[in-house]
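Trainee: got a predicted structure plus its sequence, pasted below:
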Amino acid sequence: MKRRDCLKAGLALPLLPLVNKAAAALPVRSAAGLTRVRPGTAGWPSPSNWNQLSDAVGGRLSVPVSPFLGDAATRSEALAQLRNPFFIGDQPALTQTSGYHGAWLSRPSARVVSAANSADVAAAVNFARRHRLRLVVKCGGHSYHGTSCAPDSLLVWTRAMNQVELHEAFIAQGAAAGTATQPAVSVGAGAMWIDAYNAVTTHGGRYVQGGGCTSVGVTGLVTGGGFGSFSKAFGTAAANLIEAEVVTADGQIRVVNADQEPDLFWALKGGCAGSFGVVTRMTLRTHALPATFGGVSLKVQADSDDSWRALAAEVLRFYRDSLCNPQWGEQLRFGDERTLGVSMVFQGLGQDAAAAVWAPFVAWLAARPQYTVLEPLQALALPAQHMWDADFFRKHAPQLIAEDTRPDAPRMRMLWKGDQGQVGWYLHGYASAWMPSALLGDAQREAAAAAICAAAAHMPVELHCNKGLFGAPADALAASRATATHPAVLDAFALALIGNAGGPAYAGSGGTVDEADAREGAARVQRAYQQLRTLLPAAPTYVSECDYFQRDWQQSFWGPNYPRLLAAKRRYDPEGLFVIHHGVGSEDWSADGFERRR
């Protein structure tokens, strides 16, 4: 089990007076017309300036270079690891998504600070502000919008800050008198979910609400809102945040929670940290571990358009009556050739009990010859403590996982085989919409089914049932309501996702973008999305999984929460040091984040 390095605090404290003194000495610039500098332009830091920063961060400053552009041996290793997300994440020059058609390509920053502690982060932030640099932050690099990727920028890379510490009785700093302690886990900014699950569940016997993809960074997922397979039971990841340490644009290292700078704390719970600062550590509540976790799969095909719509309407009814509750999560996939794919997970049920829940639906199919079962119902359960136990899966179900195949890789590093297709993918198009609970009612269910089937004629539609909180328990709803995520999530029974992607498109990797294929893929996504928009013309969407070109993004992502988020942005980052695509306050900046427009 990894533990938080106590030396981090020891290194940070002596530097704080210097950091804060430097911040106070900086001039205040007018907002309008502010332009960030690029390499080779007036104002770009001199070699002496860079050396000073390098000294301040213990020599952990470098020029990031893609391994695909290295020497023969380096490139050969990189090509062999092209589908290994842990390898990709260990490269400061790479991102897990290699680009988005018509929007961005993965390109390295001009310099990178490989931060080891909060003081390194503060030094980088102050340097970027002083020299008017474009600043980006990366942990896992999974952003579909390329928010951790910007050429000509200074990158703060937190990958090495991956400490994990369990607490039996945590209480937030400065908490009000009488605040009860609670079990929790503190994770460094560079930790991935496999790091957290390994410590909390495999070794600690408890549960932390995190993401489904184990190579995703903890901080990025939490501060974007964050959903995992069991969010219907435990709420969003952001709802479970107790405290965060964050470096703000003035170089201050702040500890924020519900009692200490509550507006900033609230903004970090779903408002995307990349707009407000650099989170260096966060503490999340942990929960009692259910006895079991498990999954159910099934695939069925309809023989006509009429039977296809009837199948969609029936599975929505069955979901409403039997699955829209804290025990179930994950996906219903409406695919091409009129196929319904079920890939659901459950918690707290045995294998036979889970199969019994599905028995009425299986019987409904069996009684109707217009449906062909392509893959019979299969239910599997396991002791919950082994859910992210790599050794357990190596022994019992190696076909379900992929691993970090490097010789020196930690044994606990694994991801679900189904997530491997996302490694390095180049997105052609992506769209999502929260589906309100009213669509499950008898008055609207058939119309909802028809719209989903019409959309699936252009591109498969996935309903991620765990990414909507309708059916969640009252405590999970209350905690999630107290976050910055769009309130529509509370009444949504699922998040509808539509996307298309091609293979890796990193420079030097041998992958190329087929422009015609990308244009057609993007067009099909939009045609499918328009079918859902006939049903939901102004559907809110999830900021971490949505269209890069999202219209009315402030309202789509945050709705009535946006004014409060913008007020926090103006207070903690008045000059706009932290700019991400369609992030809070980004409307003040050019698309590349280099020129302030107002």
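Mentor: Noted; the coordinates are in hand.
Trainee: need the contact list for the nearest residue to R60 once chain neighbours are set aside.
Mentor: Setting aside the residues directly before and after it, R60 is nearest to S114 in space (CB to CB, 6 or more residues apart in numbering), at 4.4 Å. Heads up, the C-betas are built off the backbone N, CA and C, glycines and all. S114 makes contacts with R60, L61, S62, P92, W157, R159, A160, as judged by CB atoms under 8 Å, 6 or more residues apart in numbering.
Trainee: buried subset of those residues?
Mentor: Among the contacts of S114, those classed as buried by 16 or more other CB atoms under 10 Å are R60, L61, P92, W157, R159, A160.
Trainee: contacts only, for the fourth one.
Mentor: For W157, the set of contacting residues under the criterion of CB under 8 Å, 6+ apart consists of P92, V112, V113, S114, A115, K138, C139.
Trainee: inside strands: which ones of those?
Mentor: With DSSP state E as the criterion, strands contain V112, V113, S114, K138 from among the contacts of W157.
Trainee: show me the buried ones among the contacts of S114 that map onto strands.
Mentor: L61, W157.
Trainee: circling back to that earlier point, for the contacts of W157, which ChimeraX command selects only the ones that are buried?
Mentor: Command for ChimeraX that selects the buried part of the contacts of W157, burial taken from 16+ other CB under 10 Å:
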select :92,112,113,114,115,138,139
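Trainee: quick check, central residue of this protein?
Mentor: L221 (3.6 Å; CA atoms, centre = their mean).
Trainee: that residue is in contact with G212, isn't it?
Mentor: No: judged on CB atoms under 8 Å, L221 makes no contact with G212 at a distance of 9.6 Å.
Trainee: circling back to that earlier point, mind putting the buried ones among the contacts of S114 into TSV with pLDDT and distance to G70?
Mentor: What follows is the buried ones among the contacts of S114, written out as TSV (pLDDT from 0 to 100; distance: CB to CB, whole Å):
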residue	pLDDT	distance to G70
R60	98	20
L61	98	19
P92	97	13
W157	98	18
R159	97	19
A160	97	21
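Trainee: which one of the buried ones among the contacts of S114 sits closest to W589?
Mentor: W157 (22.4 Å; CB to CB).
Trainee: now, the most widely separated pair of the contacts of S114?
Mentor: Most distant of the contacts of S114, by CB to CB, are L61 and R159, 14.7 Å apart.
Trainee: quick one: average pLDDT of stretch 131-140?
Mentor: Mean pLDDT, computed over stretch 131-140, is 96.
Trainee: how about stretch 502-522?
Mentor: 95.
Trainee: repeat that for stretch 305-319.
Mentor: Stretch 305-319 shows an average pLDDT of 98 in the prediction.
Trainee: neighbouring strands for the helix or strand G499 falls within, and are they parallel or not?
Mentor: Secondary structure assignment for G499, by DSSP states H and E: strand 492-502. Paired with strand 492-502 in the same sheet, following DSSP bridges, are strand 426-436 (antiparallel), strand 461-464 (antiparallel).
Trainee: sheet-wise, list the partners of the biggest strand by length in the chain with their directions.
Mentor: If each strand of the chain is counted by residues according to DSSP E, the longest one is strand 371-383. Strand 371-383 has the following strand partners under DSSP bridges: strand 292-302 (antiparallel).
Trainee: what's the first helix or strand after the partner strand?
Mentor: As assigned by DSSP H and E, the chain's next helix or strand after strand 292-302 is helix 305-318.
Trainee: the longest strand of the chain: what's the following helix or strand?
Mentor: helix 390-396.
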